[in-house]
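Asker: Build me a structure from this.
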Amino acid sequence: MDRSIKILLTAAAAEHHRQFKEFDKKLGKLAISERQLVRQRDIAHWLAPPEDVTYGNDFHVTGLAGQCSARFGDTCEWITDDHQYRTWSTSTSGSALWVESGPGAGKTVLASYMIIHQLTVSNRRCFYYFFKGTDSYRATPLAGAKCLLSQIYMFCQREHLDMATEFEVLSATVIEDGHARSKSFEKTWGIFVSFASFIGGCKVIIDGLDECLQPRLFLDSLLASSTRCSMSIALTCRSSTVNIDGIGTIVVLSLGSSHYGDLEKCIAHKASNLPVHVPSEVRATVVERLAGKHNGMFLWVALVFEELESAVTLDELKRALEDLPDGLDEIYRRIIRNLDKKLKKAQRRLCQKTLVWLHACRRPLQLDWLYEALEFEYRGEGFLFTRQDFADAIKAACGPLVVVKGDEVALVHFTLKQFLEGFAETNSAPAEFRVEAKEAHRHLLQVALAYMASMQVVEQPNAPG
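Answerer: Coordinates of the predicted model:
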């Protein structure tokens, strides 16, 4: 064979071998990539909420966006000038900030602003969680640990951090649990701490510790990990609901009058949006009267304006201003008494049934679910509402006690659930509005059993032979 042909064949063979090795390498990368995708899917499933909820692993993002949209104007910005917050924010050795106030003071909105601020200044090394007392899953320490681990895991993936050991431990734990959803707080928390230790200098912000079912378990776990991981933690909590006496490492920031400027801006804005025929001097009186009575509660201000805006005449509005309620309990009582007076019997019944379901339900209620439940309860009577007008019917019957956001319906605030339980124990509650916890749960169980019994199951005849 000619030498030149041999050289060409040899070169062709070498090139073919090179291409084959490159192709084989690509196949190997594809196989690794596929294994990584499977691993990520298994980890996501391990960290996922229970199957019976309507939200996925990213519910914390939706929650943060919702709270950020609730912030008015430049409110909350004062926190970045607060000495205690700035000291905590710049700390690199691990510190704990405790932000406390009374109920309905806007702690969750403030927490959302702190989160956005920290995501901006800490190279996105900020991880967060909102406890929710009206959701039996999101009120657990396990839910908080899984959410934090999910965030820090995704952060490490995005940053391409070399954390082979930590990733292997996580993957091995998923396999050990049989690829089922994690049910162990201790195990989940331990892996989160290992990730946080590797990264170092993390910020963790927790809102609503008072709504956690085991607040001290979660708090003690955070504090124990703080020094080890050089992790700075901030928590918001209602005053006097979680005992932190004797914990010297926590710096307490009591809102007190710190955010009164925010409230005054909110009041002035709402007063300017009262009906156009309200005279300017009456608007000024609204601002003055509410500024002297709000006691730091955004929720109280919002509910009072609901009452003022429902006034039909100027005289009614002035009378309401002369007799402003003291605190949330008093305004809840007034709302219920007003509903009792103005609602027809059928509407009062609808209101009471709605309050029972929202009070006793262990998960956030979809509007469609509530519609189906009440439609079944009213079976035989001819339920007249359609799905399209059901939301308006609920709002008309329950007034400001209930809020409809998108597809969900809920009590206006966690404090209303607690109020209704106590309200039922007094003789001042109209019968139609009493919600006793045990009776409410019993009622839901009876309706559920009746619903299942009503479903006709057609049995297939046994095959011959």
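
Asker: Not counting residues beside it along the chain, what's closest to Ser112?
Answerer: If you skip the residues right next to it in sequence, Ser112 has Gln67 as its closest partner in space, 3.7 Å away by C-beta to C-beta, 6 or more residues apart in numbering. Bear in mind the C-beta positions are built from the backbone N, C-alpha and C, glycine included.

Asker: average model confidence for the helix or strand that neighbour falls within?
Answerer: According to DSSP states H and E, Gln67 maps onto helix 59-70. For helix 59-70, mean pLDDT rounds to 89.

Asker: on that earlier part again, give me the neighbour count for the residue nearest to Ser112.
Answerer: 20 (other C-beta atoms under 10 Å).

Asker: what does Lys270 give?
Answerer: Counted by other C-beta under 10 Å, the residues lying close to Lys270 total 20.

Asker: so what are the domain limits for this structure?
Answerer: Per automatic domain parsing, the structural domains of the chain span 59-254, 259-324, 343-454.

Asker: Helices along the stretch 1-150 of the chain, start to end?
Answerer: 3-46, 59-70, 83-90, 107-121, 141-159 (DSSP state H, counting those that start in this stretch).

Asker: Among these, show the one with the smallest mean pLDDT.
Answerer: Averaging pLDDT over each of the helices of the stretch 1-150 of the chain puts helix 3-46 lowest, since it has a mean of 61.

Asker: can you count the residues close to Leu384?
Answerer: 9.

Asker: could you pull out the strands for the chain?
Answerer: Applying DSSP state E to the chain gives strands spanning 96-101, 126-130, 203-207, 232-238, 250-254, 365-366, 402-405, 408-411.

Asker: From the contact counts, what lies against the second one?
Answerer: Strand 126-130 is packed against helix 59-70, helix 107-121, helix 141-159, strand 203-207, with contacts defined by 3 or more C-beta pairs under 8 Å, 6 or more residues apart in numbering; DSSP states H and E.

Asker: so the residue nearest to Ser112 makes contact with Thr108?
Answerer: Yes: under the contact definition of C-beta atoms under 8 Å, Gln67 touches Thr108, with a separation of 5.5 Å.

Asker: re the thing from before, could you give the angle of the helix holding Gln67 to strand 203-207?
Answerer: 70 degrees (axes from the mean of the first three to the mean of the last three C-alpha atoms, to 10 degrees).

Asker: and Arg39, what is it in contact with?
Answerer: Counting by C-beta atoms under 8 Å, 6 or more residues apart in numbering, Arg39 touches Ser171.

Asker: Pull up the gap between Leu110 and Asp58, please.
Answerer: Distance, Leu110 to Asp58, by C-beta to C-beta, to the nearest Å: 22 Å.

Asker: These two: who's more crowded?
Answerer: For Leu110 versus Asp58, the count of surrounding residues by other C-beta under 10 Å is larger for Leu110: 25 against 12.

Asker: The more buried one is in contact with Phe72, isn't it?
Answerer: No: between Leu110 and Phe72 there is no contact under C-beta under 8 Å: 11.9 Å.

Asker: where does this protein dip in pLDDT?
Answerer: 1-34, 246, 248, 423-429, 431-432, 456-465 (pLDDT under 70).

Asker: returning to that earlier point: would you turn the domains of the chain into JSON lines with distance to Asp52?
Answerer: What follows is the domains of the chain, written out as JSON lines (distance: least, C-beta to C-beta, whole Å):
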{"stretch": "domain 59-254", "distance to Asp52": "9"}
{"stretch": "domain 259-324", "distance to Asp52": "30"}
{"stretch": "domain 343-454", "distance to Asp52": "7"}
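
Asker: Look up how far Ser226 lies from Ala111.
Answerer: Relative to Ser226, Ala111 is positioned 18 Å away (C-beta to C-beta).
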